[in-house]
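Visitor: Turn this into a model:
(chains A and B)
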Amino acid sequence: MPAIQSPATEEIHPDVALVARAKEGDTAAFEQLVRQYERQIFRVAQHITQNREDAEDITQDAFLKAYEKLDQFQGNSKFSTWLVRIAVNESLMRLRKRKTSKTVSMDEDVQTEDGSIPRDFAEWRPNPEQLYGQNELGDILRKTIQGLPPGFRTVFTLRDVENLSTEETAEALGLSVPAVKSRLLRARLQLRERLSRYFKQKNGGPKP
Amino acid sequence: MTCTDFLSQLTDYFDGKVDPKLLAEVQAHICECHHCEVVLDTTRQTIAIYRENEIYEFPTELRERLHTAIMAKCRTPH
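Guide: Sure thing, here's the model as predicted:
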């Protein structure tokens, strides 16, 4: 039996129609996009700024900016990637404002190898979820990601927390794919190293 | 393959994108080097734990407040 040929055309993302309607002034269509992405945008902003009030402001500003600039969205990328890019830029701007003496950009922290070379080789047994309660685990995860340089934190958030592809992450951050991969490796290794302090097997393993 | 070579392949390994010519070497290194085996396993757990745990709350009340504010501004003529 011959294989069923699938149509050559790519499946059109449902956002495309919503964006088209929103461009024509349909606020209900834009509202649907807000509903779809407000949680993600808030989470991205909170991860990058590590500040809840900033994240609230950024979420509002990002959607408003997206609404105002909707005509500039060409549809070459996904609407969500475009939106994330706006939120990332707003978040980095906030960080810069808060840390007046220090620059914050995606280019900083690149030189440092600090913490990117694995030193802790203990296994994590039992699993972190078995070792800590939900609240305590949340505290550890927040404290640990907070200690990461903003540039690394941002790449890790988009790629690993939000599950964007490497290419989408590069697009959202205005970085090359190799630059994303290099930062991602360092971010993951630094987080791993820091988490190891809490999760590593103590004294040769759990008591029988 | 050295441990440094292994680390340089780690991202591609997670993505299943290691050059097929290198893959056997990467897998052999994991079998031979306990340190890299641990780094692989604990890095995998690092990614999973952040992906699976929503570490910042986004309560309904906050969501509704932000949503209302955003839409009110969008509906205001500029």
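Visitor: Show me what counts as buried in whichever strand or helix holds residue A:17.
Guide: Taking DSSP states H and E as the definition, residue A:17 sits inside helix A:14-23. Of the residues in helix A:14-23, those buried under the neighbour-count criterion (16 or more other Cβ atoms under 10 Å in any protein chain shown) are A:15, A:18-19, A:21-22. The way it works is simple: take the backbone N, C-alpha and C, and place the C-beta from them, glycine included.
Visitor: counting contacts, what elements does that helix pack onto?
Guide: On a contact count with 3 or more Cβ pairs under 8 Å, 6 or more residues apart in numbering or on different chains; DSSP states H and E, helix A:14-23 meets helix A:27-49, helix A:79-98.
Visitor: With just CA atoms, put it into CSV.
Guide: This file holds the C-alpha atoms of helix A:14-23, laid out as CSV (Å, rounded to 0.1, in the frame of the first residue of the first chain):
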residue,chain,number,x,y,z
PRO,A,14,-2.7,29.5,15.3
ASP,A,15,-1.0,32.8,16.5
VAL,A,16,-0.6,33.9,12.8
ALA,A,17,-4.4,34.4,12.5
LEU,A,18,-4.7,36.1,15.9
VAL,A,19,-1.8,38.5,15.0
ALA,A,20,-3.4,39.3,11.7
ARG,A,21,-6.7,40.1,13.4
ALA,A,22,-5.0,42.2,16.1
LYS,A,23,-3.1,44.2,13.4
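Visitor: the inter-axis angle of that helix versus helix A:27-49?
Guide: Using axes from the mean of the first three to the mean of the last three Cα atoms, to 10 degrees, the interaxial angle of helix A:14-23 with respect to helix A:27-49 works out to 110 degrees.
Visitor: to the chain's geometric centre, what's the distance from helix A:14-23?
Guide: Its chain's C-alpha centre and that of helix A:14-23 lie 24 Å apart, by Cα atoms, centre = their mean, to the nearest Å.
Visitor: quick revisit: let me know the closest of the buried residues of helix A:14-23 to chain B.
Guide: Ranked by distance to chain B (Cβ to the nearest Cβ), the buried residues of helix A:14-23 are led by residue A:22 at 9.3 Å.
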